[in-house]
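[1] sequence? don't have it. structure:
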């Protein structure tokens, strides 16, 4: 087997901050997904319905599917996925919320050389 045929594994990390502008629409969509999940046991379904009405982060967790990120990427098979969703205090001006800009830093370093 050549190097090109040897499987390689890549960990892709994505962080997204979302503003919930329509909590009722979000929870309604999550309830719809829960109701249409043919594999979810009924006792879990009742708990899930309650959770998505109380917590927007929980509603998002029912609607976001990591497989959708790579479904149409040629030559890629999703091996493992996990995700979390939590409410956070967001301040767009705080340094902790700045995006990693490693590529931009490298360009700045090259220009100053």
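    Here it is on my side, so go on. Computed from a prediction, not measured in an experiment: that's the story for all the values here.

[2] how about residue 12, what does it touch?
    With contacts defined as CB atoms under 8 Å, 6 or more residues apart in numbering, residue 12 is in contact with 69, 70. Every residue, glycine included, has its C-beta placed from N, CA and C.

[3] oh, and call the first residue 820 from now on, that's how I've got it
    In the new numbering, first residue 820, that becomes residue 831.

[4] what are the phi and psi angles of it?
    Dihedral angles of residue 831 (phi, psi; degrees, to the nearest 10) stand at phi -100, psi 120.

[5] Could you report the distance from it to residue 866?
    Distance, residue 831 to residue 866, by CB to CB, to the nearest Å: 31 Å.

[6] again, but for residue 840
    With CB to CB as the criterion, residue 840 and residue 866 are 26 Å apart.

[7] Between the two, point out the one with more neighbours.
    Set side by side, residue 840 and residue 866 show unequal neighbour counts under other CB atoms under 10 Å, the larger going to residue 866 at 12 against 7.

[8] On the pLDDT front, check the more buried one for me.
    Model confidence at residue 866, expressed as pLDDT, equals 95.

[9] who touches the helix or strand hosting it?
    Under DSSP states H and E, the secondary-structure element containing residue 866 is helix 861-873. With contact meaning CB under 8 Å, 6+ apart, helix 861-873 is reached by 846, 849, 850, 853, 854, 856, 859, 877, 878, 881.
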